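K.L.:
Next one to model:
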Amino acid sequence: MYGKILLPVENIESAGLAISNAKQIVGSGCAEVILFHVVSPETPPVMLHDHIGGVQAAAELFEVAQCAEAKNVEDQTAIIQITAEELSSAGLSVSSQVVVGKASVEIVRAVLEQEIDLVIISTRGRRGVSRAFLGSVADEVMRDVDIPVMVVRRS
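P.N.:
Got it, this is the predicted structure:
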C-alpha cells in the first residue's frame, strides 16, 4: 500500500509512538521507512555595539555558527543512524537523512522530491495561545502536501 514512509523526528526519545506506528504499518511488507531530522540553521550571536570589530569579527562569528551547525548535524546523524540500524535489524527497510533548514519546508520538500506515500509525524499537542504563536510543523505539512499524514502525540 505505501512504498515510502517519511518519519520526521525532532528527537528519538519523543518519537516512540510514531516509530511504533511505522512498524505496524510496514509490518513485513516492503515499504521503506525514512527517518528524517531537520536541524535548524545556526545564527551567529548578536554583536553588541561595543564589541563590533569590523568584518573580521563578523566573519569569526559566522564561522563559529557554521561549526556549531556542522557539529549538530553530525551528532543528529549519529543518533538517527543508530535508530535506523535498530529498525533494520528488526527487518524493516530503513534509511535516515539529516538536513538543515526550516522543519516544515524541508519535510514538504522531501515528500515532493522523494515521492513519499505517507508521512507519520509526532506533535507536542500544543493548544491555545502557544499554538497560535508557535504554530505546528504538523499543521503546515498537512496543508502543503497531498498525501496522507498521520499525526501522533509524542510518547
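K.L.:
A helix includes residue 98, no?
P.N.:
No: the assignment for residue 98, made by DSSP: H, G, I helix; E, B strand; the rest coil, is strand rather than a helix.
K.L.:
That one and residue 60, how far apart?
P.N.:
Residue 98 sits 26 Å away from residue 60, going by C-beta to C-beta, to the nearest Å. Where you see a C-beta, it was placed from the backbone N, CA and C, and this is true even at glycine.
K.L.:
which residues of the protein fall in strands?
P.N.:
For the chain, the strands defined by DSSP state E cover 4-8, 32-39, 93-100, 118-123, 149-153.
K.L.:
Tell me how far the last one lies from the chain's centre.
P.N.:
It refers to strand 149-153. 14 Å (C-alpha atoms, centre = their mean, to the nearest Å).
K.L.:
now for it, which elements pack on it?
P.N.:
helix 16-26, strand 118-123, helix 137-144 (3 or more C-beta pairs under 8 Å, 6 or more residues apart in numbering; DSSP states H and E).
K.L.:
Can you give me the buried ones in that strand?
P.N.:
Buried residues in strand 149-153, counting neighbours by 16 or more other C-beta atoms under 10 Å, are found at 149-152.
K.L.:
Please apply the same query to the fourth one.
P.N.:
Of all the residues in strand 118-123, those buried under the rule 16+ other C-beta under 10 Å are 118-123.
K.L.:
Distance to residue 142 and pLDDT for those - can I get that in CSV?
P.N.:
As requested, the buried residues of strand 118-123 are arranged in CSV below (distance: C-beta to C-beta, whole Å; pLDDT from 0 to 100):
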residue, distance to residue 142, pLDDT
118, 12, 93
119, 9, 94
120, 12, 89
121, 9, 88
122, 13, 83
123, 10, 80
